[in-house]
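>>> Quick one: sequence plus predicted model below, questions after.
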Amino acid sequence: MEYIRLREDYIKLGQALKAAGLVESGVEAKEVIQEGLVLVNGETDTRRGRKLYAGDIVIFDGEEIRIED
């Protein structure tokens with residue numbers, strides 16, 4: 001499990017995947033998100049710009065990311 005601590009009020013989904021090291025680039029993040037391979041709080045989300053806040057949980061490729069204050 002990976003933890004991402006927020007510096008602002010939120011982080012965008014694509015940025016979170018990159019910050020956690022689960023994708024190599026923004027292009028790769030966009031592709032996996034649009035293909036429906038990413039879950040946010042248990043639901044598929046296809047928006048790369050989805051804002052994530054403290055308490056949100058992202059799952060991709062069997063890896064879990066928790067967003068924290």
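Nice, I can see it. Residues are numbered from 1 along each chain as shown.

>>> how about the helices in this protein?
For the chain, helices defined by DSSP state H occupy the ranges 13-19, 26-34.

>>> buried ones in the shortest one?
Going by neighbour count (16 or more other CB atoms under 10 Å), the buried part of helix 13-19 is 13-18. From N, CA and C alone the C-beta is placed, and that goes for glycine too.

>>> got TSV for the helices of the chain, with mean pLDDT too?
What follows is these, written out as TSV (pLDDT from 0 to 100):
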stretch	mean pLDDT
helix 13-19	96
helix 26-34	97
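
>>> packing partners for the strand ranked longest in the chain?
Criterion DSSP state E: the longest strand present in the chain is strand 63-68. Here strand 63-68 touches strand 2-5, helix 13-19, strand 57-60, going by 3 or more CB pairs under 8 Å, 6 or more residues apart in numbering; DSSP states H and E.

>>> how does it look with 7 Å?
For strand 63-68, the elements it packs on are strand 2-5, strand 57-60, judged by 3 or more CB pairs under 7 Å, 6 or more residues apart in numbering; DSSP states H and E.

>>> Each with direction, which strands does the first one pair with?
Okay, so that is strand 2-5. If you go by DSSP bridges, strand 2-5 pairs up with strand 63-68 (parallel).

>>> what about the partner strand, distance to the chain center?
8 Å (CA atoms, centre = their mean, to the nearest Å).

>>> Mind listing residues that contact it?
1-6, 11, 16, 20, 22, 52-58 (CB atoms under 7 Å, 6 or more residues apart in numbering).

>>> Any idea how far apart the tips of stretch 39-53 sit?
Length of stretch 39-53, first residue to last, CA to CA, to the nearest Å: 14 Å.

>>> Please disregard the earlier target; I meant stretch 32-42.
End-to-end distance for stretch 32-42: 16 Å, by CA to CA.

>>> Quick check: buried residues in that stretch?
32-33, 38, 40.

>>> Look at the closest residue to residue 2 other than its chain neighbours and say how many residues are nearby.
Leaving aside its sequence neighbours, residue 2 sits nearest to residue 20 (CB to CB, 6 or more residues apart in numbering; 4.3 Å). Neighbours of residue 20 under the rule other CB atoms under 10 Å: 18.
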